[in-house]
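Peer 1: sequence first, predicted model second:
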Amino acid sequence: MAQPAMARWLIWAVVGLATIAVGVWGALSLWDSTTVPSNLTLPHLQARDYFTAADLHRASSFENFLHIDAFLAQDALVLALAFYSRWGPRLVRESAAGRIGTGFLLGMLGFGVVWIAQLPFGLAAQIWEHEHGISKVDYLSWAVNDWFGLGSKFIFVCLALLIAMGFAGLTRRYWWALAAPTFVALAALATFTTPFLLPSLRPLRGQLLKADAALFARREGVPGVKVKVQNVHELTTAPNAESAGLGPTRVVVLWDTLLHGRFSRKEIDAILAHEFGHLSHDHLLKGIGWTAIFAFPLAFLIALATRRRGGIYAPTAVPTALLAYVLVQLAFLPAHNLISRHFEAEADWSSLQATHDPAAAQAMFVKLARLSRAEPSESGLVKALFEDHPAIIDRLAMIKAWEQRHPAAVPAASRPAVTPGAGSAPARSGASGRGR
């Protein structure tokens with residue numbers, strides 16, 4: 001009897017080591033596949049050389065509150081889910097919905113627990129942004145939109161539960177090995193369909209900007225990618241942009257708050273080139289690769305956490321699975337933010353290579369920081385926990401480093417600013433100073 005058991009342990013040890021080796025190889029390959037020079041040294045810059053003392057004070061007080069609020073929100077979420085993990089299963093002790101139906105019911109109740117736990121902190125952040133002129137949404141509308149905005153997350157939770165509990169019905173202990181690749185496939189599907197789900201999109205208007213978009217798409221090696229504008233000016237004053245989609249669904253989205261005359265045409269070109277850089281370097285596809293690397297340990301740790309509750313096969317283990325998911329996500333958060341900053345830095349470099357206009361890039365980042373009240377430099381802990389974009393001062397340092405490597409680079413020819421009436425109608429992620 002001992003020999004078969006030892007053989008099984010040996011097989012699983014070999015499989016585990018092979019999986020770890022593949023994961024490490026994949027992580028190193030994804031991390032090293034960057035066009036930013038490996039020997040690039042960023043100069044040390046001072047934020048006060050680019051921002052006034054008033055700018056720095058406003059940004060610091062604004063973001064400090066949001067960071068503290070976010071930290072307390074995560075604490076409240078963990079405590080609420082810990083309580084739900086302990087007492088939640090008692091709520092459905094008499095459920096007649098069946099195994100998976102009961103799991104869905106507990107998942108739905110957990111969804112409500114999450115929303116209630118996050119509501120006061122989200123409202124505090126909304127009030128803070130409203131008072132500082134960033135948000136334009138009234139509080140009641142925000143609460144309603146926040147509830148319905150969580151609908152997509154609820155659908156994901158239900159689908160994840162269906163997959164996990166379904167595979168647990170086939171193999172109770174090793175469901176995670178089957179569920180992890182399925183979750184990766186769902187992540188790829190979500191990335192592919194995102195452009196169809198973004199609200200309030202319209203085509204880019206203005207012949208000059210459309211010509212610039214086509215030019216930089218060709219320079220970045222992604223000709224034919226469409227640029228669309230998202231109407232958000234009734235919701236926020238913050239400027240932002242994003243790239244989304246995979247393959248034929250790829251698109252660059254500019255918030256219309258970029259197109260009200262606050263940014264010059266050359267500054268918008270730098271943003272466009274940045275977003276095309278994300279697409280040309282397959283950052284969204286690489287993001288799915290990173291999802292694959294983290295999916296297996298995530299699913300395995302959830303399986304371990306729920307084992308004492310009967311595993312994910314048992315519906316009463318769902319509250320514990322939700323708690324484990326949040327805790328593991330928080331543990332992985334610094335790594336996630338580091339990877340995101342790595343992508344953003346490459347997109348910044350790609351934009352400079354495409355535009356050869358460091359002056360426009362510098363002006364754009366300074367303006368983004370001021371309009372979004374982003375703190376130009378962040379401490380190591382704040383950067384690790386909250387920032388998925390490089391600090392503005394680091395982005396400005398990259399511009400200086402690029403200039404040092406290209407002393408003979410000639411800036412793009414002077415072109416008129418985009419203003420209402422100059423071919424552009426009044427007008428997520430890549431160029432944002434706040435990392436939206």
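Peer 2: Perfect, I can see it now.

Peer 1: quick one, strands of the stretch 251-400 of the chain?
Peer 2: 251-255 (DSSP state E, counting those that start in this stretch).

Peer 1: ok, which stretches of it are helices?
Peer 2: 265-280, 283-306, 318-355, 358-372, 380-386, 392-405 (DSSP state H, counting those that start in this stretch).

Peer 1: not counting sequence-adjacent ones, nearest residue to Leu371?
Peer 2: Pro239 (5.7 Å; CB to CB, 6 or more residues apart in numbering). C-beta coordinates here come from the backbone N, C-alpha and C atoms, glycine included.

Peer 1: what's the distance between the nearest residue to Gly311 once chain neighbours are set aside and Gln46?
Peer 2: What sits nearest to Gly311 in space, not counting adjacent residues and going by CB to CB, 6+ apart, is Arg172, at 5.4 Å. Computed as CB to CB, to the nearest Å, the Arg172 to Gln46 distance reads 59 Å.

Peer 1: who's more crowded, the two?
Peer 2: Arg172 (15 against 10; other CB atoms under 10 Å).

Peer 1: doesn't Tyr313 make contact with the more buried one?
Peer 2: Yes: assessed by CB atoms under 8 Å, Arg172 is found in contact with Tyr313 at 4.8 Å.

Peer 1: could you give the angle of the host helix or strand of Met108 to helix 318-355?
Peer 2: Met108 is part of helix 98-131, with elements assigned from DSSP states H and E. Taking axes from the mean of the first three to the mean of the last three CA atoms, to 10 degrees, one finds helix 98-131 and helix 318-355 inclined to each other by 50 degrees.

Peer 1: which SS state does Val232 fall under?
Peer 2: coil (DSSP: H, G, I helix; E, B strand; the rest coil).

Peer 1: burial of the nearest residue to it once chain neighbours are set aside, as a residue count?
Peer 2: Leaving aside its chain neighbours, Val232 sits nearest to Trp255 (5.0 Å; criterion: CB to CB, 6+ apart). Trp255 has 25 neighbouring residues, counting by other CB under 10 Å.

Peer 1: tell me the contacts of Trp255?
Peer 2: Trp255 makes contact with Val229, Gln230, Val232, Thr236, Ala238, Pro239, Asn240, Ala241, Ala427, Arg428, according to CB atoms under 8 Å, 6 or more residues apart in numbering.

Peer 1: which one of those has the most neighbours?
Peer 2: With neighbours defined as other CB under 10 Å, the most crowded of the contacts of Trp255 is Pro239; it has 29 neighbours.

Peer 1: need the pLDDT of that residue.
Peer 2: Pro239 carries a pLDDT score of 94 in this model.

Peer 1: same question for Arg428.
Peer 2: For Arg428, the model assigns a pLDDT of 36.

Peer 1: can you check the one 4 residues further on too?
Peer 2: Ser432 is assigned a predicted lDDT (pLDDT) of 45.

Peer 1: equivalent analysis for Ala96, please.
Peer 2: What the model reports as pLDDT for Ala96 is 64.

Peer 1: the one 3 residues further on now?
Peer 2: According to the model's per-residue confidence, Arg99 sits at a pLDDT of 80.

Peer 1: that one against Leu162, yeah?
Peer 2: No: with contacts counted by CB under 8 Å, Arg99 stays clear of Leu162, the gap being 11.3 Å.

Peer 1: in a strand, Val227, correct?
Peer 2: Yes: counting by three-state DSSP, Val227 is found in a strand.

Peer 1: and for it, the neighbour number?
Peer 2: 22.

Peer 1: now Ala314, what are its backbone angles?
Peer 2: Dihedral angles of Ala314 (phi, psi; degrees, to the nearest 10) stand at phi -90, psi 130.

Peer 1: enumerate every residue touching it.
Peer 2: Contact partners of Ala314, counting by CB under 8 Å, 6+ apart, are Arg99, Thr306.

Peer 1: burial count for Ile116?
Peer 2: When neighbours are counted by other CB under 10 Å, Ile116 comes out with 11.

Peer 1: same check, this time on Ala125
Peer 2: 17.

Peer 1: how close does the residue lying closest to it once chain neighbours are set aside sit to Arg205?
Peer 2: Closest residue to Ala125 apart from its sequence neighbours, by CB to CB, 6+ apart: Asp69 at 5.2 Å. To Arg205, Asp69 is 37 Å away according to CB to CB.

Peer 1: these two: who's more crowded?
Peer 2: Higher neighbour count among Asp69 and Arg205: Asp69, with 17 against 14, using other CB under 10 Å.

Peer 1: that one and Trp128 touch, don't they?
Peer 2: Yes: taking contacts as CB under 8 Å, Asp69 lies within contact range of Trp128: 7.4 Å.

Peer 1: helix, strand, or coil at the residue nearest to Ala125?
Peer 2: State at Asp69, reduced to three classes by three-state DSSP: helix.

Peer 1: settle this for me: Phe386 is touching His67, isn't it.
Peer 2: Yes: Phe386 lies in contact with His67 (CB under 8 Å); the separation is 5.7 Å.

Peer 1: thinking again about what came up before, list the buried ones in the helix or strand following the helix holding Met108?
Peer 2: Downstream of helix 98-131, the next assigned helix or strand under DSSP H and E is helix 139-149. Residues Trp142, Asp146 are the ones in helix 139-149 that count as buried (16 or more other CB atoms under 10 Å).

Peer 1: how far off centre is helix 139-149?
Peer 2: Chain-centre distance of helix 139-149: 21 Å, with CA atoms, centre = their mean, to the nearest Å.

Peer 1: packing partners for it?
Peer 2: helix 98-131 (3 or more CB pairs under 8 Å, 6 or more residues apart in numbering; DSSP states H and E).

Peer 1: got the angle for the helix it packs on vs helix 139-149?
Peer 2: Using the same axes, to 10 degrees: helix 98-131 against helix 139-149 is 150 degrees.

Peer 1: hang on, the earlier thing: which ones are touching the residue nearest to Leu371?
Peer 2: Applying CB under 8 Å, 6+ apart to Pro239 gives the contacts Trp255, Thr257, Leu258, Arg262, Phe263, Lys367, Leu368, Leu371, Ser372, Ser432.

Peer 1: in those, which residue is surrounded by the most others?
Peer 2: Leu258 (28 neighbours).
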